[in-house]
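*Asks:* Below are the sequence and a predicted model; questions follow.
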Amino acid sequence: MPKGVIICDYLKIKGIVPDELQDLELPSTIKGIVPDELQDLELPSTVEIMRERVEFLQKLGLTIDDINEYPLMLGYSVRKHVIPVLAYLERIGIERSRLGEFVKLYPQCLHASVVVELVPVVKFLRGLDVEKDDKVVVRMLERRAYILGYDLEETVKLNVNCLLSFGISREALPSVIARYPQILGLPLKAKLSSQQYFFNLKLRIDPDGFACVIERMPQIVSLQQHVILKPIEFLLGRGFSVEDVAEMIIKCPQLLYKLAS
(Lines give C-alpha, C1' and ligand atoms only; values in the text may rest on other atoms or scores of the structure.)
Protein backbone atom coordinates (compact mmCIF):
# COMPACT_ATOMS: atom_id res chain seq x y z
CA MET A 1 0.00 0.00 0.00
CA PRO A 2 1.44 3.44 -0.93
CA LYS A 3 2.75 5.50 1.99
CA GLY A 4 0.44 8.38 1.09
CA VAL A 5 -2.61 6.14 1.45
CA ILE A 6 -1.45 4.85 4.84
CA ILE A 7 -0.87 8.39 6.10
CA CYS A 8 -4.25 9.53 4.79
CA ASP A 9 -5.91 6.60 6.57
CA TYR A 10 -4.20 7.67 9.81
CA LEU A 11 -5.45 11.24 9.37
CA LYS A 12 -9.00 10.05 8.72
CA ILE A 13 -8.92 7.99 11.91
CA LYS A 14 -7.87 11.15 13.78
CA GLY A 15 -10.78 13.03 12.23
CA ILE A 16 -8.60 15.10 9.91
CA VAL A 17 -9.87 15.51 6.37
CA PRO A 18 -6.74 15.13 4.23
CA ASP A 19 -8.22 16.58 1.03
CA GLU A 20 -5.27 18.87 0.41
CA LEU A 21 -2.72 16.23 1.35
CA GLN A 22 -4.14 13.16 -0.39
CA ASP A 23 -1.47 13.03 -3.06
CA LEU A 24 1.46 13.17 -0.68
CA GLU A 25 3.67 11.17 -3.03
CA LEU A 26 2.95 13.63 -5.87
CA PRO A 27 2.92 17.03 -4.14
CA SER A 28 2.93 19.05 -7.38
CA THR A 29 -0.49 17.66 -8.24
CA ILE A 30 -2.19 18.43 -4.95
CA LYS A 31 -5.57 19.93 -5.71
CA GLY A 32 -6.10 23.59 -5.02
CA ILE A 33 -2.60 24.33 -3.77
CA VAL A 34 -0.45 26.89 -5.52
CA PRO A 35 2.97 25.32 -6.27
CA ASP A 36 4.70 28.16 -4.39
CA GLU A 37 2.96 27.03 -1.22
CA LEU A 38 4.51 23.59 -1.56
CA GLN A 39 8.16 24.47 -1.87
CA ASP A 40 8.69 24.62 1.89
CA LEU A 41 6.57 21.56 2.63
CA GLU A 42 8.44 18.64 4.07
CA LEU A 43 5.89 15.94 3.40
CA PRO A 44 6.10 13.11 5.94
CA SER A 45 7.41 9.79 4.74
CA THR A 46 5.94 7.76 7.61
CA VAL A 47 2.87 7.67 9.82
CA GLU A 48 5.17 8.20 12.81
CA ILE A 49 6.30 11.60 11.49
CA MET A 50 2.71 12.61 10.75
CA ARG A 51 1.64 11.48 14.23
CA GLU A 52 4.42 13.59 15.73
CA ARG A 53 3.15 16.66 13.87
CA VAL A 54 -0.48 16.12 14.82
CA GLU A 55 0.37 15.53 18.48
CA PHE A 56 2.71 18.53 18.59
CA LEU A 57 -0.01 20.82 17.27
CA GLN A 58 -2.53 19.37 19.72
CA LYS A 59 -0.16 19.95 22.65
CA LEU A 60 0.13 23.51 21.42
CA GLY A 61 -3.62 23.83 21.93
CA LEU A 62 -4.93 23.32 18.41
CA THR A 63 -7.95 21.10 17.85
CA ILE A 64 -8.65 18.74 14.98
CA ASP A 65 -11.07 21.37 13.65
CA ASP A 66 -8.25 23.94 13.68
CA ILE A 67 -6.02 21.59 11.72
CA ASN A 68 -8.82 20.94 9.23
CA GLU A 69 -9.10 24.70 8.72
CA TYR A 70 -5.51 24.79 7.47
CA PRO A 71 -4.25 21.23 6.82
CA LEU A 72 -1.09 22.55 5.17
CA MET A 73 0.30 23.03 8.67
CA LEU A 74 0.85 19.27 8.67
CA GLY A 75 3.30 19.72 5.82
CA TYR A 76 5.90 21.58 7.87
CA SER A 77 8.67 19.90 9.81
CA VAL A 78 8.35 20.30 13.58
CA ARG A 79 12.10 20.74 14.02
CA LYS A 80 13.00 22.73 10.90
CA HIS A 81 9.98 25.01 10.63
CA VAL A 82 7.58 24.99 13.57
CA ILE A 83 9.91 25.07 16.59
CA PRO A 84 12.14 27.91 15.26
CA VAL A 85 9.06 30.07 14.57
CA LEU A 86 7.52 29.39 17.98
CA ALA A 87 10.86 30.03 19.70
CA TYR A 88 11.12 33.42 17.98
CA LEU A 89 7.55 34.36 18.92
CA GLU A 90 8.34 33.54 22.54
CA ARG A 91 11.55 35.54 22.32
CA ILE A 92 9.72 38.71 21.26
CA GLY A 93 7.35 38.34 24.19
CA ILE A 94 4.39 36.19 23.18
CA GLU A 95 3.61 33.93 26.12
CA ARG A 96 3.91 30.20 25.58
CA SER A 97 0.32 29.73 26.71
CA ARG A 98 -0.84 32.00 23.87
CA LEU A 99 1.18 30.42 21.06
CA GLY A 100 -1.61 28.01 20.13
CA GLU A 101 -4.07 30.87 19.72
CA PHE A 102 -1.50 32.77 17.66
CA VAL A 103 -1.03 29.82 15.30
CA LYS A 104 -4.80 29.38 15.08
CA LEU A 105 -5.16 33.02 13.98
CA TYR A 106 -2.29 32.87 11.50
CA PRO A 107 -1.21 29.27 10.74
CA GLN A 108 0.81 30.48 7.75
CA CYS A 109 3.44 31.73 10.21
CA LEU A 110 4.60 28.13 10.67
CA HIS A 111 6.38 28.11 7.33
CA ALA A 112 7.74 31.66 7.56
CA SER A 113 11.47 32.24 7.61
CA VAL A 114 12.36 33.75 10.97
CA VAL A 115 15.36 35.65 9.61
CA VAL A 116 13.96 36.68 6.22
CA GLU A 117 10.28 37.33 7.03
CA LEU A 118 9.51 37.66 10.73
CA VAL A 119 12.50 39.53 12.15
CA PRO A 120 12.47 42.38 9.57
CA VAL A 121 8.77 43.20 10.13
CA VAL A 122 9.06 43.20 13.92
CA LYS A 123 12.30 45.20 13.78
CA PHE A 124 10.70 47.77 11.46
CA LEU A 125 7.66 48.20 13.72
CA ARG A 126 9.89 48.68 16.74
CA GLY A 127 11.92 51.20 14.76
CA LEU A 128 8.77 53.29 14.34
CA ASP A 129 8.55 53.43 18.14
CA VAL A 130 5.34 51.43 18.11
CA GLU A 131 6.83 49.83 21.21
CA LYS A 132 7.32 53.00 23.25
CA ASP A 133 4.86 51.32 25.56
CA ASP A 134 6.31 47.97 26.58
CA LYS A 135 4.68 45.01 24.84
CA VAL A 136 2.64 47.12 22.39
CA VAL A 137 4.03 45.29 19.35
CA VAL A 138 3.47 41.93 21.03
CA ARG A 139 -0.14 42.73 21.97
CA MET A 140 -0.73 44.04 18.47
CA LEU A 141 0.61 40.83 16.92
CA GLU A 142 -1.46 38.70 19.28
CA ARG A 143 -4.62 40.43 18.08
CA ARG A 144 -3.61 40.73 14.42
CA ALA A 145 -1.14 37.89 13.87
CA TYR A 146 -1.42 38.14 10.08
CA ILE A 147 0.61 41.37 10.16
CA LEU A 148 3.68 39.13 10.16
CA GLY A 149 2.66 38.01 6.68
CA TYR A 150 2.75 41.49 5.18
CA ASP A 151 5.59 42.05 2.73
CA LEU A 152 7.94 44.53 4.38
CA GLU A 153 9.16 46.34 1.28
CA GLU A 154 6.10 46.19 -0.96
CA THR A 155 3.39 46.65 1.67
CA VAL A 156 4.47 47.81 5.13
CA LYS A 157 7.09 50.40 4.19
CA LEU A 158 5.01 51.53 1.22
CA ASN A 159 2.00 52.19 3.44
CA VAL A 160 4.04 53.94 6.12
CA ASN A 161 5.43 56.28 3.47
CA CYS A 162 1.91 56.75 2.12
CA LEU A 163 0.65 57.85 5.54
CA LEU A 164 3.48 60.35 5.78
CA SER A 165 2.74 61.68 2.29
CA PHE A 166 -0.87 62.35 3.33
CA GLY A 167 0.29 64.50 6.21
CA ILE A 168 0.25 62.01 9.08
CA SER A 169 3.02 63.16 11.40
CA ARG A 170 5.88 60.79 12.13
CA GLU A 171 5.15 61.24 15.84
CA ALA A 172 1.56 60.04 15.32
CA LEU A 173 2.52 56.95 13.27
CA PRO A 174 3.03 54.61 16.25
CA SER A 175 -0.40 55.47 17.63
CA VAL A 176 -2.09 55.12 14.23
CA ILE A 177 -0.55 51.69 13.63
CA ALA A 178 -1.13 50.43 17.17
CA ARG A 179 -4.81 51.39 17.04
CA TYR A 180 -5.43 50.07 13.53
CA PRO A 181 -2.72 47.54 12.56
CA GLN A 182 -4.63 46.48 9.45
CA ILE A 183 -3.75 49.83 7.90
CA LEU A 184 -0.32 48.36 7.09
CA GLY A 185 -1.82 45.86 4.65
CA LEU A 186 -4.50 47.91 2.89
CA PRO A 187 -4.38 49.34 -0.65
CA LEU A 188 -3.80 52.54 1.26
CA LYS A 189 -3.07 55.16 -1.37
CA ALA A 190 -6.37 54.53 -3.15
CA LYS A 191 -8.35 54.49 0.10
CA LEU A 192 -6.76 57.66 1.48
CA SER A 193 -7.18 59.49 -1.83
CA SER A 194 -10.85 58.55 -2.01
CA GLN A 195 -11.60 59.53 1.60
CA GLN A 196 -9.63 62.77 1.39
CA TYR A 197 -11.60 63.80 -1.70
CA PHE A 198 -14.89 62.83 0.00
CA PHE A 199 -14.21 64.88 3.15
CA ASN A 200 -13.19 67.86 1.06
CA LEU A 201 -16.26 67.54 -1.16
CA LYS A 202 -18.80 67.17 1.67
CA LEU A 203 -17.23 69.30 4.42
CA ARG A 204 -14.48 71.29 2.70
CA ILE A 205 -11.94 69.69 5.04
CA ASP A 206 -8.44 70.46 3.74
CA PRO A 207 -5.53 67.95 3.64
CA ASP A 208 -4.22 69.06 7.06
CA GLY A 209 -7.64 68.58 8.60
CA PHE A 210 -7.99 65.18 6.95
CA ALA A 211 -4.60 64.13 8.35
CA CYS A 212 -5.86 65.05 11.84
CA VAL A 213 -8.94 62.89 11.28
CA ILE A 214 -6.79 59.88 10.33
CA GLU A 215 -4.42 60.44 13.26
CA ARG A 216 -7.33 60.44 15.69
CA MET A 217 -9.30 57.64 14.07
CA PRO A 218 -7.36 55.64 11.45
CA GLN A 219 -10.30 53.26 10.93
CA ILE A 220 -11.86 56.04 8.83
CA VAL A 221 -9.82 54.82 5.85
CA SER A 222 -11.98 51.68 5.68
CA LEU A 223 -15.35 53.20 6.56
CA GLN A 224 -17.86 53.15 3.70
CA GLN A 225 -18.69 56.63 2.47
CA HIS A 226 -22.45 56.10 2.68
CA VAL A 227 -21.93 55.28 6.37
CA ILE A 228 -19.91 58.47 6.87
CA LEU A 229 -22.51 60.53 5.01
CA LYS A 230 -25.37 59.53 7.31
CA PRO A 231 -24.11 61.33 10.47
CA ILE A 232 -22.89 64.27 8.38
CA GLU A 233 -26.38 64.74 6.93
CA PHE A 234 -27.88 64.26 10.40
CA LEU A 235 -25.79 67.10 11.85
CA LEU A 236 -26.38 69.38 8.87
CA GLY A 237 -30.10 68.67 9.18
CA ARG A 238 -30.03 69.85 12.79
CA GLY A 239 -28.91 73.31 11.75
CA PHE A 240 -25.14 72.99 12.10
CA SER A 241 -23.15 74.72 9.38
CA VAL A 242 -20.71 72.84 7.14
CA GLU A 243 -17.87 74.60 8.96
CA ASP A 244 -19.23 73.54 12.37
CA VAL A 245 -19.63 69.91 11.32
CA ALA A 246 -16.14 69.89 9.77
CA GLU A 247 -14.65 71.23 13.00
CA MET A 248 -16.51 68.62 15.07
CA ILE A 249 -15.34 65.77 12.83
CA ILE A 250 -11.72 66.96 12.86
CA LYS A 251 -11.72 67.23 16.67
CA CYS A 252 -13.67 64.03 17.28
CA PRO A 253 -14.02 61.75 14.22
CA GLN A 254 -15.47 59.08 16.52
CA LEU A 255 -18.75 61.01 16.13
CA LEU A 256 -19.08 59.38 12.73
CA TYR A 257 -19.26 55.95 14.33
CA LYS A 258 -21.47 56.98 17.23
CA LEU A 259 -24.05 58.78 15.12
CA ALA A 260 -24.04 56.12 12.41
CA SER A 261 -24.79 53.30 14.84
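*Replies:* Yep, that arrived.
*Asks:* all contacts plus neighbour counts: C-alpha atoms, from now on.
*Replies:* Fine.
*Asks:* just the helices in the stretch 151-261 of the chain please.
*Replies:* Applying DSSP state H, counting those that start in this stretch to the stretch 151-261 of the chain gives helices spanning 157-165, 173-179, 188-203, 207-216, 225-237, 242-251, 255-260.
*Asks:* remind me which residues of the stretch 51-200 of the chain are low pLDDT?
*Replies:* Confidence mapping of the stretch 51-200 of the chain against pLDDT under 70 gives the ranges 130-134.
*Asks:* Try it again at 50.
*Replies:* Applying pLDDT under 50 to the stretch 51-200 of the chain picks out no residues at all.
*Asks:* would you turn the helices of the stretch 151-261 of the chain into TSV with mean neighbour count and distance to L74?
*Replies:* Output for these, formatted as TSV (neighbours: other Cα atoms under 10 Å; distance: least, Cα to Cα, whole Å):
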stretch	mean neighbour count	distance to L74
helix 157-165	17	32
helix 173-179	20	32
helix 188-203	16	34
helix 207-216	21	41
helix 225-237	15	43
helix 242-251	17	49
helix 255-260	15	42
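*Asks:* nearest to V54, of the ones you listed?
*Replies:* Of all the helices of the stretch 151-261 of the chain, it is helix 173-179 that lies closest to V54, at 34.4 Å by Cα to Cα.
*Asks:* chain center to the closest one, what's the gap?
*Replies:* Helix 173-179 sits 15 Å away from the centroid of its parent chain (Cα atoms, centre = their mean, to the nearest Å).
*Asks:* So what touches that helix?
*Replies:* Helix 173-179 is contacted from outside by 128-131, 136-137, 140, 160, 183-184, 214-218, using Cα atoms under 8 Å, 6 or more residues apart in numbering.
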